[in-house]
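Asker: Please work out how this folds:
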Amino acid sequence: MVLGDKGPTMGVRVAMELVVDLSTGAVDLHDGDEMERFSLQALRREASDGGDNGALGALAAALSVNDAGTVEPNGDVAVPATAVRRLAAEAADAQGRSLGDEWESGFAAMLEHAATAGWIAEDGSIRVHVEWKD
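Answerer: Below is the predicted model:
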């Protein structure tokens, strides 16, 4: 989901990323302050894993155990906004800081834009494509 286009930063597009490690089942939020783009990275257990070979089931299980979303029938993931807030707060806390009003207003703006683009489900979850990574 691309929310705006500030262009590349040193050749890299920075995004708020929900990272799911299929080998451990861990779910973490990286770059929680980046509101221009939201993505879900599924880290494969093996290079041959993808949406098949049980990897999609492992993704669904990790998201469920961590209360971080559900896999939709088309293979996309619905991530509750509450899960993003919780994971962002956990990441900020681990860095010795807290989320402030500025973060919340930026996140609200991100959700508003996502809604206009059709990326918000009826239940308010954020729809996101899965990016399979080795």
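Asker: Report the separation between residue 62 and residue 56.
Answerer: 11 Å (C-beta to C-beta, to the nearest Å). Placement of C-beta: from N, CA and C, glycine included.
Asker: nope, residue 82 is what I was after
Answerer: Residue 82 is 23 Å from residue 56, by C-beta to C-beta.
Asker: what about residue 33, which SS state?
Answerer: Secondary structure assignment for residue 33 (DSSP: H, G, I helix; E, B strand; the rest coil): coil.
Asker: Need phi/psi at the residue lying closest to it once chain neighbours are set aside.
Answerer: Nearest non-adjacent residue to residue 33, counting by C-beta to C-beta, 6 or more residues apart in numbering: residue 103, 6.7 Å away. Residue 103 has phi and psi values of phi -60, psi -50 when expressed as degrees, to the nearest 10.
Asker: number of nearby residues for residue 103?
Answerer: Applying other C-beta atoms under 10 Å, we find 18 other residues in the vicinity of residue 103.
Asker: residues touching it, list them.
Answerer: 32-33, 88, 92 (C-beta atoms under 8 Å, 6 or more residues apart in numbering).
Asker: Let me know the pLDDT of the residue nearest the centre of the chain.
Answerer: The chain has residue 18 as the residue nearest its centroid, 3.1 Å off, counting by C-alpha atoms, centre = their mean. According to the prediction, residue 18 has pLDDT 97.
Asker: hey, what's it bridged with?
Answerer: residue 29, residue 40 (DSSP bridges).
Asker: which residues touch the strand or helix carrying residue 27?
Answerer: Using DSSP states H and E, residue 27 maps to strand 26-30. Strand 26-30 has contacts (C-beta under 8 Å, 6+ apart) with 16-21, 62-63, 66, 68, 84, 87-88, 90-91.
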